[in-house]
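Student: just coords:
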């Protein structure tokens, strides 16, 4: 869908030429949309991974020390973790 070829084979009716042109434009649009989606999804996945690693580290520290993380000041700490 992304190539026009070398022109060896081309349709003769005008309506079919228009269909081929629209098909090509649709192919370029789909490739562009796919690349854009990939470029937008990776930063979001990196932020989610960072948040999950931070939460995992807190849970592991809580498990090893026995000191509960959830306390009076935990809201501020969780907001900082989510902001980072």
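Tutor: Received the coordinates, thanks. It should be emphasised that the depicted structure is a prediction, and the values quoted were computed from it without experimental measurement.
Student: just checking, what packs against the lengthiest helix in the chain?
Tutor: Ranked by residue count and defined by DSSP state H, the top helix of the chain is helix 14-65. Contacts defined by 3 or more C-beta pairs under 8 Å, 6 or more residues apart in numbering; DSSP states H and E place helix 14-65 against helix 74-83. Just so you know, the C-beta spots here come from the backbone N, C-alpha and C atoms, and that holds for glycine as well.
Student: Centre of the chain to the helix it packs on, how far?
Tutor: Centroid separation between helix 74-83 and its chain, computed with C-alpha atoms, centre = their mean, to the nearest Å, is 25 Å.
Student: Pick out the residue nearest the middle of the chain.
Tutor: residue 41 (1.3 Å; C-alpha atoms, centre = their mean).
Student: what residues are up against it?
Tutor: Listed by C-beta atoms under 8 Å, 6 or more residues apart in numbering, the contact set of residue 41 is empty.
Student: try residue 11
Tutor: Residue 11 neighbours (C-beta under 8 Å, 6+ apart): 17, 19, 20.
Student: The same query, at a cut-off of 10 Å, please.
Tutor: 17, 18, 19, 20 (C-beta atoms under 10 Å, 6 or more residues apart in numbering).
Student: Can you tell me the SS state at residue 69?
Tutor: coil (DSSP: H, G, I helix; E, B strand; the rest coil).
Student: Check the gap between it and residue 49 for me.
Tutor: Going from residue 69 to residue 49 by C-beta to C-beta, to the nearest Å gives 20 Å.
Student: between the two, who's got more neighbours?
Tutor: Set residue 69 next to residue 49 and count neighbours by other C-beta atoms under 10 Å: residue 69 wins out with 14 against 10.
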